[in-house]
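Q: Requesting a structural model of the entry that follows:
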Amino acid sequence: MKPTEGRRRIVIEEVQPQVDAGRYPAKRTLGDLVTVTAAIFGDGHDHVAARLLYRHASESTWKLASFTALPNDFWTAHFVVDKLGPWRFTIEAWVDHFDTWMHDLEKRLNAQPDPAEPTQQVTPQDIPLALRIGAGHLDAAAGRAVGDDVRALKAAAMDLRMLADANHPHYAAIELEDIALLAAKYPDLSFSTKYPAEIPLWVDRERARFSSWYEIFPRSCSLTPEKHGTFRDLAASVPEIAAMGFDVLYMPPIHPIGTAFRKGKNNSVTAMPGDVGSPWAIGAKEGGHTAILAELGTFDDFAALVKTAHTNGMEIALDIAFQCSPDHPWVKEHPEWFNHRPDGTIQYAENPPKKYQDIYPLNFESKNWQGLWDALYDVFKFWVERGVHIFRVDNPHTKALPFWEWCIAEIQRTTPEVIFLAEAFTRPHVMYSLAKGGFTQGYTYFTWRNTKADLQSYFEELSTPPVVEFFRPNVWPNTPDILHEQLQESDPIARRAVFLQRVILATTLSASYGIYGPAYELCEWRPAKPAPGKSGSEEYLDSEKYQLRHWNVRSPISIAPEITLLNSIRRENPALQRNESLRFHACPNPNLLCYSKSTPDFANTILVAVNLDSHSEQAGTIDLNMAALGLPWQGDFEVEDLLTGARFHWRDQRNYIALRPEVPAHILRIVR
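A: Numbers count the residues shown, from 1 in each chain. You can find the predicted model right below:
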């Protein structure tokens, strides 16, 4: 123990935000006000003071912010993050002898005689002595001060001594507020306690927190049925997709597709002439993960697509799937990167009973693992240099977790604006580990959370600590792989209702969401293998993963206008652009889910009620948590339904609603 260590009397604990005791960074976005809390306390009755030290990792000098006290020994301080990338913060605390002295002096000056304890009263002689003690504290502060503050502190010390020497009869007139602020600038840190670690924080751009994704296969974008679409065809559709309110245009893999074991339509193991195969069977003689499928166009066409997206306020997101077709150049160049069976053949991907003969997984236990890591890193770097700053990563949970932590850190070291979405439908610890290790956003179990209880418990988990500190959910009601049984609705009226219900939930429960676009707009519902009791396949019939599709987005059955309205509501209401304010409100009807989101100042509050029954009207009384809405517990208030434009006058916390499947929700803005 150092000689001064035994005199460090302050304890600092329960520091937030931090993830796994500082092993991983908590996440924030540019411009956020970061709130730091900690339990800070010491022995006895001496007053405690503390300061927050924070800096961007590129800076060498700490910035300072003062802590203010909360009840029960908790303290809070704040700072704004104004630069992307890694930040650090820590805490220093100490016994504030001058503030303790001021508090005691005030008690002495205001002490009144107590007849029951005549010997315990402050005598007039105590005041001069106390003033001399205070003067000593100011002298010490002057020794730590600089410039004009030195003279001011010494003058204040002299004034206290003059009062003490004069035995002034009007001690209560002493004014020390200004000098206390000056003394606080120069604390005695001789025996201060420093938190033993610098806590990491990672700051992303706003799109990491708030985004709307539209997934589309460019090969299906031709206006001519059965003709292979191109990047140019997709570019022509970008303005219309952007007008719907989407800001991320996500394409499945755009690379050459292998011919060996190519899958046919509807996942047939035998491809017929003209079958285009799965885009996830990456690699052919033309190249691998840094090549483009010739039918889609050239690198110039790709660059033009990226530019068109930016012009329309969108970004291109690429699918990165680290797996290879048998024709991928890596299979011959680096056979050690793959698993080999006893008969000498390479092990294809399996998820029994499913078999993916057209895909070879990579072996992360390869003796040449470092070469594999470098090659995969180079894939990201290649596309970043071509203007792609968003990646949807396919099945990252089947690759080594340490690789992701290293690779993402290396990419973001020079380009911190890059966003990574983890497509990992797996065990919670694995999903959360990917987020902690660097993934900006993650897919969720939303697709399979269909009851009121499941939705509420799951989103409460996602929107509260510790998960909210590191995991940003991106919720999808459908994907090319997942047509949930709830969407396999044969009745056209109920089908439209359930598609509306799920996209309303997605757009309002989560700040980031996405849809497999044309299929969702047109309420595509046909499963590959329907079965009684809705226990069939989650694969689409005539899946676009294995064949070209022609989507008539002008069809009258399209729900694109409703999706456009929802995206507009999200853009215009900041409360829906974050997750941490999500609060659920009670309603006895198990088919009515009610929740709200608010900005910190309650300038914008959105209250949502959704009918989870796509076949019947549901009604009930909502018991509102008025504090979560920033409203008094009693009184009238007005709400505006952003879906219909209707306005309602409500009273107190209990209000009745009824929702039919045709318009399965209220999205209510509290009118201030």
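Q: Which pLDDT value goes with residue 168?
A: Turning to residue 168, the model gives it a pLDDT of 59.
Q: Verify the stated contact: residue 198 with residue 91.
A: No: in this structure, residue 198 sits apart from residue 91 without contact. The criterion is C-beta atoms under 8 Å, and the distance is 10.2 Å. Where C-beta positions appear, they are placed from N, C-alpha and C, glycine not excepted.
Q: Could you check which of the two is surrounded by more residues?
A: Comparing residue 198 with residue 91 by other C-beta atoms under 10 Å, the one with more neighbours is residue 91, at 23 against 17.
Q: what's the distance between the more buried one and residue 390?
A: Computed with C-beta to C-beta, to the nearest Å, the distance linking residue 91 and residue 390 is 35 Å.
Q: One more: residue 210?
A: According to C-beta to C-beta, residue 210 stands 13 Å off from residue 390.
Q: more neighbours, the two?
A: Taking neighbours as other C-beta under 10 Å, residue 210 and residue 390 compare with residue 390 leading, 23 against 19.
Q: mind listing what the more buried one touches?
A: When contacts are counted by C-beta atoms under 8 Å, 6 or more residues apart in numbering, residue 390 is found next to 207, 248, 250, 315, 316, 317, 318, 418, 419, 421.
Q: Please settle this for me: is residue 670 part of a helix?
A: No: under DSSP: H, G, I helix; E, B strand; the rest coil, residue 670 sits outside any helix and is assigned strand.
Q: Now it: closest residue in space, sequence neighbours ignored.
A: residue 605 (4.2 Å; C-beta to C-beta, 6 or more residues apart in numbering).
Q: What residues does that neighbour make contact with?
A: With contacts taken as C-beta under 8 Å, 6+ apart, residue 605 has the following neighbours: 575, 596, 597, 598, 599, 629, 630, 669, 670.
Q: can you put the contacts of residue 390 in TSV and add distance to residue 38 and neighbour count?
A: Shown next, in TSV, are the contacts of residue 390 (distance: C-beta to C-beta, whole Å; neighbours: other C-beta atoms under 10 Å):
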residue	distance to residue 38	neighbour count
207	31	19
248	37	22
250	40	21
315	38	19
316	42	25
317	38	24
318	41	24
418	32	20
419	31	22
421	33	27
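Q: Among those, which lie within helices?
A: When helices are assigned by DSSP state H, the members of these inside them are residue 207.
Q: Compile the contacts of residue 390 into JSON lines and extend it with columns for distance to residue 216.
A: As requested, the contacts of residue 390 are exported to JSON lines (distance: C-beta to C-beta, whole Å):
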{"residue": "207", "distance to residue 216": "18"}
{"residue": "248", "distance to residue 216": "11"}
{"residue": "250", "distance to residue 216": "7"}
{"residue": "315", "distance to residue 216": "14"}
{"residue": "316", "distance to residue 216": "11"}
{"residue": "317", "distance to residue 216": "11"}
{"residue": "318", "distance to residue 216": "13"}
{"residue": "418", "distance to residue 216": "21"}
{"residue": "419", "distance to residue 216": "18"}
{"residue": "421", "distance to residue 216": "16"}
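Q: can you redo the contacts of residue 390 as a markdown table with pLDDT?
A: Listed next are the contacts of residue 390 as a markdown table, based on pLDDT from 0 to 100:
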| residue | pLDDT |
| --- | --- |
| 207 | 98 |
| 248 | 98 |
| 250 | 98 |
| 315 | 98 |
| 316 | 98 |
| 317 | 98 |
| 318 | 98 |
| 418 | 98 |
| 419 | 98 |
| 421 | 98 |
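Q: of the contacts of residue 390, closest to residue 460?
A: When the contacts of residue 390 are compared for distance to residue 460 (C-beta to C-beta), residue 421 wins out at 22.7 Å.
Q: in the sheet, who's paired with the closest one?
A: The residues paired with residue 421 through beta bridges, assigned by DSSP bridges, are residue 392, residue 441.
Q: can you pull the contacts of it?
A: 317, 390, 391, 392, 393, 439, 440, 441, 442, 443, 474.
Q: Could you do residue 405 as well?
A: With contacts defined as C-beta under 8 Å, 6+ apart, the neighbours of residue 405 are 437, 438.
Q: From residue 408, how far out is the most centrally placed residue in the chain?
A: Most central in the chain under C-alpha atoms, centre = their mean is residue 472, positioned 2.9 Å from the mean C-alpha point. Taking C-beta to C-beta as the measure, residue 472 and residue 408 are separated by 14 Å.
Q: Likewise for residue 156?
A: Taking C-beta to C-beta as the measure, residue 156 and residue 408 are separated by 54 Å.
Q: The helix or strand bottoming out on mean pLDDT in the chain: which residues count as buried?
A: Counting by mean pLDDT, DSSP states H and E, the weakest-scoring helix or strand in the chain turns out to be strand 354-356, with a mean of 81. When burial is assessed from 16 or more other C-beta atoms under 10 Å, strand 354-356 yields the following buried residues: residue 356.
Q: cool, and stretch 187-198?
A: For stretch 187-198, a neighbour-count test (16+ other C-beta under 10 Å) marks 187, 188, 192, 193, 194, 195, 198 as buried.
Q: Secondary structure and distance to residue 482 added to the residues you listed, as a markdown table?
A: As requested, the buried residues of stretch 187-198 are arranged in a markdown table below (DSSP: H, G, I helix; E, B strand; the rest coil; distance: C-beta to C-beta, whole Å):
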| residue | secondary structure | distance to residue 482 |
| --- | --- | --- |
| 187 | coil | 58 |
| 188 | coil | 62 |
| 192 | coil | 55 |
| 193 | strand | 52 |
| 194 | strand | 50 |
| 195 | coil | 45 |
| 198 | coil | 42 |
